[in-house]
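[1] Please work out how this folds:
(chains A, B and C)
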Amino acid sequence: MKIEGTFTMKAPIQKVWDFLMAPGTLASCIPGAEKMEAVDDTTWEGIVKQRVGPIGVKINFTQTLSEVQPPKHLKAVGRGAAMGGAGTFTQETIVDLKEIAGGEVEVAYSSNVSMVGRLATFGERIMRAKVNKVGTEFTQNLQKKLESQVGG
Amino acid sequence: MIHDFEYFAPKTLKEALALLDKYQDDCKVICGGQSLLVLMRQGLVAPPYMIDIKGISELSYIKDEKDGLKIGAITTHRAIEKSAVIKKKYPLLAKMETRLASIQTRNWGTIGGNVCHGDPAGDPAAVFIALGATFTMTGSKGKRSMPAEDFSLDYFETALEPGELLTEISVPPVPPKTGSAYYKFNVIESDLATASVAATVTLGAGDVCKDIRLALGASAPIPLRPKKAEAILKGKKITDALLKQAGEAAVKEAEPISDIYASEEYRRELIKVLVPRMTREAMDKAKKA
Amino acid sequence: MKKELKFKVNGQPYDIFVKPKTLLSEVLRDELGLTGTKRGCNSSSCGACTVMLNGMSVKSCSVLAIQANGAEVVTVEGLAKGNKLSPLQRAFLDHGSYQCGFCTPGMLMSSTALLTENPKPTKEEIREGIDGNICRCTGYNSIIRAVTAVVKGEYKEAK
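    The predicted structure follows:
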């Protein structure tokens, strides 16, 4: 499920961009992310833990920045496999920045999380709503982080 | 592949509670296993300790008492479906059971297990909310009770604390001039609900709606009581126009999701149609009661 | 650690040791060699694994074997009396109520359970009686015709 939205911040566009590109910013917004470590300038690895009712998943997650067009557009693609082979998760996030009047920046985001494997087939009923929630939480975390660390 | 586990089959509630206290988060309770085994077979749930409560006969009963119907948590769905006293005095429960899964599942699965699994699409939860039921849970420290609508907290999460077992579900006696209805929309006969609506209406003087309880299944993270929709109807003489408003209000309160069974829009449409329809059916039954 | 499982299957007593995680379908097929009970889906959906447990039809893939301790189980192998097929079995043969035969044991068990509980079901009740069993081949009508024929008394219990 795709979650899309926009919000505005009072900050120079370059500052917002630099923060987004800083190691670990995006990765740290992933709900349940622990121990995210940079592998190189554009790739992070770590563990994501999530739980719904009786089902708990521990995912080995890797997020890579692709489509980097400073200071306006970036795309991050994440992929993770649940330990025990119960399923695979993919996440795609796109962030577009636009300068608007009054020294403000409009941040447009879209986040898409999906799941395949046994968790998707047999755990669909249980995990589906959670997967959607994770997408929403990610964008909320991103907004909070940007607002508190960069702008007004 | 089911993972290995240590297995205990306590014969009394006291024994079971002692085991739950001992193993806490490391154990899972199994009874009929009709929901749990589906997950365990796929390796999605793998507790190291299993407490099988199917043998605790003191928790299996259907009692018709002055202050209402009392059902032991490990009573099977089939026993409820076939109970003479339930068919006579609380027929909506028996009807709900005939729509639940299939006969094989109802023969072994239990009402308590179903409710504790916490699936918002489960049939019993919505019906118990519409009937004003109370759930009682017991731990080694004692008992506590709560209205059915407070039992579900989130998808597959209930108010049961570690160390507690759901032990009894009680349904209050049906007041005069009261009718109840339940409709479950699904694609295949024995499937879970795509969306479901349960309604209980009590009429007062002049056929005014004295009390109303609505419950939506498979429409939110929990079986939802759409209180704004109820407020539109309570204390008024129910008309088609009011029912339409109530249906639209219920749609706004619901939070359905899209999945392989139906889209969010389709579920909203189902709620919009079923809330007025079930309320009217309950009201018509109340008039005859 | 294995647990003792003492139960009767088709009238025969068994005393074996099983890992608690073992499903009833696994014990019947893999331990006791009674392969009439089929593994159709292993996801509690198809009913091909249906057996009778203390007179009730259950999906044996969805019951822990250990829960059958002290119980009486009847599988499709237990429907006939020696060489003499049950009325339902004979009706199924005569009405062609099977093609690939994979759902058939489950269908026979569910129908047997239905008629044991309700010897004179209506057509609607027959359909309800088998609604926990999926058939890929027949379209169900030949199965319903066979059960109806038994209900009508066209097949008597063999002596």
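
[2] Would you check how far apart B:R99 and C:E117 are?
    From B:R99 over to C:E117 the distance is 19 Å, taken as Cβ to Cβ, to the nearest Å. Every residue, glycine included, has its C-beta placed from N, CA and C.

[3] Low-confidence stretches in chain A?
    Of all residues in chain A, those with pLDDT under 70 make up the ranges A:1, A:151-152.

[4] List the buried residues in the strand ranked longest in it.
    Longest strand in chain A, counting residues (DSSP state E): strand A:55-69. For strand A:55-69, the neighbour count (16 or more other Cβ atoms under 10 Å in any protein chain shown) marks A:I55, A:V57, A:K58, A:I59, A:F61, A:T62, A:Q63, A:L65 as buried.

[5] touching chain B at all, the helix or strand just after it?
    In the C-terminal direction, the helix or strand that comes right after strand A:55-69 (DSSP states H and E) is strand A:73-82. No. If you take Cβ under 8 Å from any Cβ of the partner chain as the test, strand A:73-82 misses chain B, and the best it gets is 9.4 Å.

[6] got the buried residues of strand A:55-69 as TSV, with distance to chain C columns?
    As requested, the buried residues of strand A:55-69 are arranged in TSV below (distance: Cβ to the nearest Cβ, whole Å):
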residue	distance to chain C
A:I55	16
A:V57	20
A:K58	22
A:I59	24
A:F61	28
A:T62	31
A:Q63	33
A:L65	39
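
[7] For the most centrally placed residue in chain C, what is the enclosing helix or strand?
    Most central residue of chain C, judged by C-alpha distance to the mean C-alpha position with Cα atoms, centre = their mean, is C:M109 at 2.7 Å. C:M109 is part of helix C:104-117 when elements are defined by DSSP H and E.

[8] Next one: the residue nearest to the centre of chain C from A:V105, what distance?
    Applying Cβ to Cβ, one obtains 68 Å for the distance of C:M109 from A:V105.

[9] what residues does the stretch 1-150 of chain B put near chain C?
    Counting by Cβ under 8 Å from any Cβ, the stretch 1-150 of chain B comes close to chain C at B:2-7, B:9, B:30, B:33-34, B:37-38, B:41, B:50, B:52, B:54, B:78, B:98, B:101-105, B:107-108.

[10] Could you rerun that using 6 Å?
    On the criterion Cβ under 6 Å from any Cβ of the partner chain, chain C has as its neighbours in the stretch 1-150 of chain B the residues B:I2, B:D4, B:Y7, B:Q34, B:L37, B:V38, B:K54, B:S102, B:I103, B:Q104, B:N107, B:W108.

[11] Any chance of CSV for those, columns pLDDT, secondary structure and neighbour count?
    Listed next are these as CSV, based on pLDDT from 0 to 100; DSSP: H, G, I helix; E, B strand; the rest coil; neighbours: other Cβ atoms under 10 Å in any protein chain shown:
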residue, pLDDT, secondary structure, neighbour count
B:I2, 92, coil, 19
B:D4, 96, coil, 11
B:Y7, 98, strand, 19
B:Q34, 97, coil, 26
B:L37, 96, helix, 22
B:V38, 93, helix, 21
B:K54, 98, coil, 20
B:S102, 95, coil, 24
B:I103, 97, helix, 28
B:Q104, 98, helix, 32
B:N107, 98, helix, 25
B:W108, 98, helix, 23
